[in-house]
Structures are given as structure tokens and as C-alpha cells.
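Student: My questions are about this predicted structure, shown below with the sequence.
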Amino acid sequence: MGVTILQQFPMLENRTGPQTIDFLTKRVVALGAIQCGQFLVDCDTYMSTPSLGPQRTVHVMHNSEQPASVFSLLESSGKTIPLVADGLFDLLMLKMTPIYTKKQTKVESKGPRFELADFCIKLGSVTISQNFKGVLVEVEYRPCVVPATCWDLLREFLQGFLGSCVPSMPPQYLQPRMNEIYQPMDTIQQYLEHFSMYRKASGVLQFN
Amino acid sequence: MEPLHTALGAIKVLRCSVGQVFSCLANGVRADHGEEGRDAKFLSELDELLSSVTQHLRDVEQAVNSLSQPPGPFTLGNTSFLSQECTQERQALYSQLVLSYKWTDKIHEFSNLSVALLSQNSLKRSYTNSSTAKRRRAPTSSHNVPPQNVDTVISSIDRQFPDMNISVSRPFGANAVLQVTLSRVLQAVVALKGLMIEWVVVKGYGETLDLWSESRHKVFRKITENSHAAMLHFSSPTMPELAVRSFMTWLHSFNTLFSDPCKRCGNHLHSALPPTWRDFRSLEPFHEECKH
């Protein structure tokens, strides 16, 4: 598991989602990357019934990179409790329908997956219940496990094919965790951060 | 051996004095005996010589008496067959002996000259040191070092770098295999033979370590390749400890593998790889393509 950075790519008004993905695909292939299948990250959100005291939210997420795991994030009174479980967790959630009800619509990011030397690049188009919302680019540098040591390297790589939209600071979520060993959960947390941003925004995000 | 030498010496002296007696007799009365009473002088000289002969004969007898019987037959090697041939001419030994004597004489002379020249010449290419203090020290061997010495060398290197952890195991008998963990950047297996580095494999942090399989990541496969070059570069049969120490110092410089940009082009990446080359002397980072 290497360090992953998730980055929004700004949508231009005269370009549709698939066109943007095509545009980025051409750039990535020009660098020498090879397409290795597709990827999918999805997020279902459940709310606890109001009769059980203060309301809690559970996000249940899947990542095709870790196909045997289910990630869940429980938001309660300002804290987020992460949990990694195996596939049976989905069935458990079905049994819990009296307590947790599926409230919000499903958010997905899917698209082509590329490999270039030790980098893994994913160009995802984000949809909220089939409505296109924007483009999320995920870049993983697999040999390195500590974000602080390879942030400059990753930023250089991201800027190389995304241009000036890449900020000079690491993502908000990673900043307090720069010197810790990167976990798959950290990728999921970054996705959740971006997904909730897309949910709040109405229509397609123009710029980040 | 000593009494034999004295006996042979005594015989030589005896032969000499007998020879003097005969030469005196052969010469007869000489001019230096003068005119007067020359016969008497001649006789007294002869008398003196004869008495010295008897004295030397006594010496010989004394020396021979003190000799002991040799305990067994002498082992003379092939030279014992020389006695089988009675005619000396057929052996044709004399000329060959003279020739070989001349050769050994020459060799002796030349080697003396060359020693004198070489000891003055300071431009030495080999590590042999002519100073007597160093010569007395046992010659160092890189591959036949006791395990305790290896352990002390490794633990001193381990202490030298706080962020590099080295553990020693001996799965193949006496020879040590080192597992090196360099902060949270990389891991390496180093197989030693005595204090000589035989094999190096570099892998990523968290990958399973073994001696034979390659790393999943391209960057560590490249570093494995480069560390083989380093292992050959630093190898020094006469100073094995220094070789291991220099190699470990070089390997330690990779703790900034992902964070240091290339010294030449200033970028982090070149063909999607970080600077995988470290200069052997300055330990500065370079890309594979930028090192020349």
C-alpha cells in the first residue's frame, strides 16, 4: 500500500465529463502509462432512526483496489470512527434496517486505471445517483508508505499532467498524518471528504 | 652438525700443513736461507713443519673421536644414485652444475638490486606494506573471519546509524545474513561470506524479505542493481571491514530516496523514477540518466 493523493480536476464549461476523462487519458498515455482495467469507489450513507437519541451517520464504502474489504465510517457527535471489515458487513447493514435507514443517494467514482512505473493513476468521474458531478484524479505512489517523505515527489508528478490546479500543500485530511504509515483507510477518508463536498455543491463543480 | 664441521676443518688444516712439508722438500735449500749454516736452517724449518703436522694430526684424531655414529642411512634423494655411475665423464654433471650455480648467483644479485629499487619507489600499486611493524601482523582475509568479529563490526555499524536497523542471522552455518531496515523507506538483505558482501537485495518497506525474489516496485529493483555496483566498487580484500562500512554508509544515504531531488536536474522524477543513484564519494542523489 503506497501513498495516495486525491485531487479534483476543474471542469471547463465547454467540456463534458467524458471529454475531460479522454483529455486526461491522452496526457497520461503520452507519459507512457498503460491502462490496466477499471476502478470503482462507492459510498452509501445510512442514518440512525431519530427515536434512538442523537442522530448518527454511517458511510459504507467499497474500493475496487481492496475488493475483500468494506470500509465504514461512523459519524457521531463530531467524531469519525473508522472500521475496516470484510464483505459480510454489507449483509449486516441489511439486517440493521430498523436502526439505520439508507437516506442519501449513492456516490460513485469510477473510470479507467493506469500504471506507470511505480505509479497508479485513476481517472474517476464522480456521479451522485447517475448524475455527473466532476472528475477526481487519484495518484498512488506504491513504493513509499510515509506521506511526508514523498509529498514533493507526488506533487511534481501531479503537476506534470494536471497542471496548476495542484495545490502546494498536502490534502487537508493528510496534514496531521504526514509522518504516519499510510493505510487503505486514509484513501477512503479522502474520498469521503471529496464526496461530501460534491454532495453539498449543487450541479457540476466548476472549480475547486 | 658442529663436530662434523670442526672435523672437516681439522682435516683441511692437516692437508694444508702436509702440503707445506712437501713443497718445502721439493724446493730444497733456497737463497733466503743465507750462506752460513744453511743446511741447519733448512733442517730446523722442516722440523718445525713436521711438528705442526703431528699437532694437526692429533687435532684430527681428537675431532674424529668426538664424532658419533650416524643413527641411520642418509636420505639423499636422487643424488644417492650418483654413486651408481662410476665414470664421472658420462654424467656430464660438471657443466650443468656450473651453469646452475651461475644462474642462482645472478638471481641473487638481481633480487638484491630489485629490493633496493622497490623499497625506494613510493608509487606502489599493491597494498603490501614493507614496514616491519605491519608485516608482523597476521594477513587479513576477507572471507575467513570468525563470527564474533563479524558481529562486532556489524553492531558498531548499527550503532553508527540510529535510523538504520541491522539484524544478523546465520541460516547457512557460519556466514551471516543481514536484514537492514532503513527508517521507513526500504529494507535490504545482505549476504556475507566472512566480511565480504556476496549478495544484496533491496525491497520496499513492508515487503516480504528473502534472498532470491525481486521487489514488486521498479524503484527498488533499480536500487538493487545499483547496490550490486556499489558492492563491487567498495569491495576490498585487504580491508574487508572498511568495505562493509563504506557500503552501509552508501546504503544509508537512501533514507532520503523519495524526498531528495536530483543534484543535476533539480527534479524529483525522471521517467517516473526518483533519483536512484547515489554517488560513491559524495553520496549525492542523481537520476540514472543524470549521473554522467
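Tutor: Sure, I can see it.

Student: Would you agree residue A:36 is in contact with residue A:116?
Tutor: No. Applying CB atoms under 8 Å as the test, residue A:36 and residue A:116 come out as separate, 10.2 Å apart. Quick note: C-beta positions are derived from backbone N, CA and C, even for glycine.

Student: Could you check which of those two has the larger neighbour count?
Tutor: residue A:116 (19 against 12; other CB atoms under 10 Å in any protein chain shown).

Student: Contact partners for that one?
Tutor: Neighbouring residues of residue A:116 by CB atoms under 8 Å, 6 or more residues apart in numbering or on different chains: A:28, A:31-34, B:272.

Student: Which secondary structure state does the residue lying farthest from the centre of chain B sit in?
Tutor: Taking CA atoms, centre = their mean, the residue of chain B most remote from its mean C-alpha position is residue B:36, at 74.5 Å. Secondary structure assignment for residue B:36 (DSSP: H, G, I helix; E, B strand; the rest coil): coil.

Student: Let me see the contact set for it.
Tutor: With CB under 8 Å, 6+ apart, residue B:36 has no contacts at all.

Student: returning to that earlier point: what's the closest of the contacts of residue A:116 to residue B:185?
Tutor: The shortest approach to residue B:185 among these belongs to residue B:272, at 18.0 Å (CB to CB).

Student: The residue lying closest to that closest one once chain neighbours are set aside and residue A:34, how far apart?
Tutor: Nearest non-adjacent residue to residue B:272, counting by CB to CB, 6 or more residues apart in numbering or on different chains: residue A:117, 3.7 Å away. Distance of residue A:117 to residue A:34, given as CB to CB, to the nearest Å: 10 Å.

Student: same deal with residue A:66?
Tutor: Distance of residue A:66 to residue A:34, computed by CB to CB: 22 Å.

Student: and the two? which has more neighbours close in?
Tutor: residue A:66 (15 against 9).

Student: Strands of the chain, residue ranges please.
Tutor: Since you didn't name a chain, this refers to chain A. A:3-9, A:34-48, A:57-63, A:69-76, A:79-86, A:100-102, A:107-116, A:119-128, A:131-141 (DSSP state E).

Student: To clarify, I was referring to chain B.
Tutor: Under DSSP E, chain B gives strands at B:164-172, B:175-182, B:186-193, B:196-204, B:277-278, B:285-286.

Student: Wondering if the fifth one reaches chain A at all.
Tutor: What it means is strand B:277-278. No. Shown here: strand B:277-278 not in contact with chain A (CB under 8 Å from any CB of the partner chain), separated by at least 15.8 Å.

Student: Now do that strand: distance to the chain's middle.
Tutor: In terms of CA atoms, centre = their mean, to the nearest Å, the centre of strand B:277-278 is set 36 Å apart from its chain centre.

Student: which residues sit against that strand?
Tutor: Contacts for strand B:277-278 (CB under 8 Å, 6+ apart): B:226, B:230, B:250, B:253-254, B:284-288, B:290-291.

Student: rewinding a little: want to throw the contacts of residue A:116 into JSON lines with pLDDT and distance to residue B:117?
Tutor: Converted to JSON lines, these look like this (pLDDT from 0 to 100; distance: CB to CB, whole Å):
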{"residue": "A:28", "pLDDT": "90", "distance to residue B:117": "69"}
{"residue": "A:31", "pLDDT": "88", "distance to residue B:117": "64"}
{"residue": "A:32", "pLDDT": "89", "distance to residue B:117": "61"}
{"residue": "A:33", "pLDDT": "90", "distance to residue B:117": "66"}
{"residue": "A:34", "pLDDT": "91", "distance to residue B:117": "66"}
{"residue": "B:272", "pLDDT": "86", "distance to residue B:117": "58"}
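
Student: now those residues: which count as buried?
Tutor: Burial by neighbour count, 16 or more other CB atoms under 10 Å in any protein chain shown: within those this picks out A:28, A:31, A:33, B:272.
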